[in-house]
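Undergrad: Sequence first, predicted coordinates after that:
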Amino acid sequence: MAPDPIPAAPVPASAVNRGGAGRFLRWDVLVTALLIAVFLGGASTSTGFASVDNLSFALGDLGEIALIALAMTLLVVAAEVDLSVASVLGLSSALVGALWDAGMAIETIIPLVVVVGMVCGLVNGLLVTRLGLPSLAVTIGTLALYRGLAYVVLGDRAVAQFPPGYVSLAVDNVPGTPIPYPVALFALLAVVTGVVLHATGAGRALFAIGAQEEAAFFAGIRVKRVKLVLFVLSGTVAAFAGVIYTLRYGSARADNGLGIELAVIAAVLLGGVDFDGGKGTLGGVIAGVLLIGLLRNLLMLNDVATEIQSIVTGLLLIVSVLTPRLAALVRRRRRAPAV
């Protein structure tokens, strides 16, 4: 009797990262060291930078970026990307303003807006997984589409005067701590995301999909379904971040969150997640988020123009993409046999 065939098994994350784990560990350490250097440099050169109040403000200012970065990390690990997140945030803000202005209760508005975010993510996911379109092109298109819908919903108006209790949840700190409520939520979700990504079969499946999608499919992973879920999650988180953004600034506008996707992508890639998928750690992403947040805060305290802040973020994005590839090129040349 012939022996039973050995079933295919999902590729473990350790195997996916084999040969690269050390590299990304060193990258994580480098980003963390840079984070510490920025903090120490800011504390020594800028009055008030290291104060509890300023650090609390800096944390609150990156709350939405941090939340969206969690979902974006999962997508990029799976070799996909969602550039429409800032537009979903803006559409969410516009809906909050329009529905509040129409007299709807905030308790009804928030779940409705989150559902709209889920639908936006679903549209992205269906276009990518069912029609086979590249996520970069799809989400550039929906970036414009969703932002346009935000202007259709609210126009150029700004709506304010939201319930103080809900505004407090977006602005105030957890009692007895300097940590804003949105950042506390991020910390909780980061723990859950980290466990899922690095300690479960679902996380190993994401690394396998990002490393080699075809092999993951033949290993029994439902690649299209997993990616669809990730896009829905991304839209949902972006919509919820839009609610927080609106309440934190006390103003619903169609242009809220404009350009925030750049900071999110920069944080994820700066944290060591490979844009081609299959490699990275959530710890590195958290360090990247904090680094960008502290840099933005330091530049703001020194009255650096917003345009310069955008340039710095763009340069960090370029460095985070270019450096690992240059390092890989150097290693390949060293290993190449001499002619």
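TA: Thanks, I have it.

Undergrad: Count the neighbours of V319 for me.
TA: Residues near V319, counting by other CB atoms under 10 Å, number 13. Just so you know, the C-beta spots here come from the backbone N, C-alpha and C atoms, and that holds for glycine as well.

Undergrad: ditto for A199
TA: Count around A199 with other CB under 10 Å applied: 11.

Undergrad: Quick check: L282 touching T193?
TA: Yes. The pair L282 / T193 is scored as a contact, 6.0 Å apart, by CB atoms under 8 Å.

Undergrad: if you count what's nearby, which of the two comes out ahead?
TA: Shown here are L282 and T193; by other CB under 10 Å, L282 has more neighbours (25 against 20).

Undergrad: Not counting its neighbours along the chain, what's nearest that one?
TA: Once flanking residues are discounted, L282 sits nearest to G194: 4.5 Å by CB to CB, 6 or more residues apart in numbering.

Undergrad: Now whichever strand or helix holds that neighbour - C-alpha only, PDB.
TA: Using DSSP states H and E, G194 falls within helix 181-199. Extracted in PDB, the C-alpha atoms of helix 181-199 (Å, rounded to 0.1, in the frame of the first residue of the first chain):
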ATOM      1  CA  TYR A 181      -7.900  57.800  25.500                       C
ATOM      2  CA  PRO A 182      -7.200  57.100  21.700                       C
ATOM      3  CA  VAL A 183      -3.600  56.200  22.500                       C
ATOM      4  CA  ALA A 184      -4.800  53.800  25.200                       C
ATOM      5  CA  LEU A 185      -7.100  52.200  22.700                       C
ATOM      6  CA  PHE A 186      -4.200  52.000  20.200                       C
ATOM      7  CA  ALA A 187      -2.000  50.300  22.900                       C
ATOM      8  CA  LEU A 188      -4.700  47.700  23.600                       C
ATOM      9  CA  LEU A 189      -5.300  47.000  19.900                       C
ATOM     10  CA  ALA A 190      -1.500  46.900  19.300                       C
ATOM     11  CA  VAL A 191      -1.200  44.100  21.800                       C
ATOM     12  CA  VAL A 192      -4.000  42.200  20.100                       C
ATOM     13  CA  THR A 193      -2.500  42.800  16.600                       C
ATOM     14  CA  GLY A 194       1.000  41.800  17.800                       C
ATOM     15  CA  VAL A 195      -0.300  38.500  19.200                       C
ATOM     16  CA  VAL A 196      -2.300  37.800  16.000                       C
ATOM     17  CA  LEU A 197       0.600  38.700  13.700                       C
ATOM     18  CA  HIS A 198       3.500  37.000  15.500                       C
ATOM     19  CA  ALA A 199       1.900  34.200  17.600                       C
END
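
Undergrad: Report the rounded mean pLDDT for that helix.
TA: When pLDDT is averaged over helix 181-199, the result is 96.

Undergrad: Tell me the first helix or strand C-terminal of it.
TA: Remark: after helix 181-199, the chain's next helix or strand is helix 201-211, criterion DSSP H and E.

Undergrad: quick one on the thing from earlier: residues of the helix holding G194 that come out buried?
TA: 181-183, 185-186, 190, 193-194, 197 (16 or more other CB atoms under 10 Å).

Undergrad: cool, stretch 71-89 as well?
TA: Neighbour-count burial for stretch 71-89, counted by 16+ other CB under 10 Å, picks out 71-89.

Undergrad: what's the answer for stretch 261-280, then?
TA: Those buried within stretch 261-280 under the rule 16+ other CB under 10 Å are 261-275, 277-280.

Undergrad: State whether G283 and D28 are indeed in contact, as I suppose.
TA: Yes. In this structure G283 lies within contact range of D28 using CB under 8 Å: 6.0 Å.

Undergrad: what residues do these two have in common as contacts?
TA: In terms of CB atoms under 8 Å, 6 or more residues apart in numbering, G283 and D28 are both contacted by the residues G271.

Undergrad: out of these two, which sits in the busier spot?
TA: Taking other CB under 10 Å, G283 and D28 do not tie; D28 has more neighbours (20 against 17).

Undergrad: pLDDT at the closest residue to that one other than its chain neighbours, what is it?
TA: Spatial nearest neighbour of D28, excluding adjacent residues (CB to CB, 6+ apart): G284 at 4.2 Å. You'll see G284 listed with a pLDDT of 91.

Undergrad: Tell me where the model's unsure across the stretch 101-250 of the chain.
TA: Regions of the stretch 101-250 of the chain meeting the criterion pLDDT under 70 are absent.
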